[in-house]
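Trainee: next input, structure requested:
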Amino acid sequence: MNTLELKNILKFKIDRINDKKFLEALTILIESKTDPIMSLSNEQKNKLEESRNEYLLGNFENNNVVNEEMDKWLKE
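Mentor: Down below sits the predicted model:
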């Protein structure tokens, strides 16, 4: 049995299934094989590595501090 024949058999069998929970589980399984995997450019990878290194060196601000600074800036 070739790939096309197998796909057609599966389509036929799926059309006959009425169990919503089973179909939802099958959808998750199929999506795990068909959803594209996000790929990053070299520039994006480099920026992520730079950000990681900055974080490891302690060069970051606490989210609360940043929010306070933004609130202050917006009020000016």
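Trainee: next one: Arg52 from Ile9, what distance?
Mentor: 47 Å (C-beta to C-beta, to the nearest Å). Quick note: C-beta positions are derived from backbone N, CA and C, even for glycine.
Trainee: again but with Trp73, I slipped
Mentor: Trp73 is 62 Å from Ile9, by C-beta to C-beta.
Trainee: repeat for Asp19
Mentor: 19 Å.
Trainee: returning to that earlier point: who's more crowded, Trp73 and Ile9?
Mentor: Between Trp73 and Ile9, counting by other C-beta atoms under 10 Å, Ile9 is the more crowded of the two (11 against 8).
Trainee: skipping its backbone neighbours, what lies nearest that one in space?
Mentor: Met1 (7.8 Å; C-beta to C-beta, 6 or more residues apart in numbering).
Trainee: and the pLDDT at the one you found?
Mentor: What the model reports as pLDDT for Met1 is 86.
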